[in-house]
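# below are the sequence and a predicted model; questions follow.
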Amino acid sequence: MIRFRIQELLAEKRFREGRRVTMQEVCEATGISRVTLSKMVNTRGYGTLTDHLDRLCRYFECSLSDLAEYVPDTETSPSKTDQ
């Protein structure tokens, strides 16, 4: 499963810039709706457009690997007894 690190990047940006950075600011700067950003943050396995990933990488000045990470889904992974 892919997990988006938007909350972590927001915290890093807040620290780096020494100011409050809100999800609304991210929405306005990227053109991505608040609903979509919320789903990316809160919905396990949420799929999104590559254009959204591009906009977020540009906003946070980060690489794709900083924005998202692969987390093995233990519920769908085969157990050792299945192998």
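In hand now; what should we look at?

# Arg3: what secondary structure?
Of the three states, Arg3 takes strand under DSSP: H, G, I helix; E, B strand; the rest coil.

# on the pLDDT front, check it for me.
Note on Arg3: pLDDT of 91.

# ok, it touching Asp73?
No. Here Arg3 does not reach Asp73: they are 10.1 Å apart, not a contact under C-beta atoms under 8 Å. Yep, even glycine has a C-beta here, placed from its N, CA and C like the rest.

# neighbour count: the two, which is higher?
When Arg3 and Asp73 are compared for neighbours, Arg3 comes out ahead with 14 against 11, by other C-beta atoms under 10 Å.

# which residues does that one bridge with?
Residues in a beta bridge with Arg3, per DSSP bridges, are Glu69.

# helices or strands up against the one helix or strand Asp51 maps to?
Taking DSSP states H and E as the criterion, Asp51 maps to helix 50-60. Helix 50-60 makes packing contacts with helix 6-17, helix 23-30, helix 64-67 when contacts are defined by 3 or more C-beta pairs under 8 Å, 6 or more residues apart in numbering; DSSP states H and E.

# dump those helices into JSON lines; add mean pLDDT as well.
Formatted as JSON lines, the helices and strands packed on helix 50-60 follow (pLDDT from 0 to 100):
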{"stretch": "helix 6-17", "mean pLDDT": "94"}
{"stretch": "helix 23-30", "mean pLDDT": "96"}
{"stretch": "helix 64-67", "mean pLDDT": "94"}
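
# nearest to Arg58, out of the ones you listed?
helix 23-30 (7.7 Å; C-beta to C-beta).

# quick one: distance of that closest one to the chain centre.
13 Å (C-alpha atoms, centre = their mean, to the nearest Å).

# give me the contact list for that helix.
Residues outside helix 23-30 that contact it (C-beta atoms under 8 Å, 6 or more residues apart in numbering): Ile6, Leu10, Ile32, Ser33, Arg34, Leu37, Ser38, His52, Arg55, Leu56, Arg58, Tyr59.

# can you tell me, leaving aside adjacent residues, what's nearest to Arg58?
Of all residues not flanking Arg58 in the chain, Thr30 sits nearest, at 7.7 Å (C-beta to C-beta, 6 or more residues apart in numbering).
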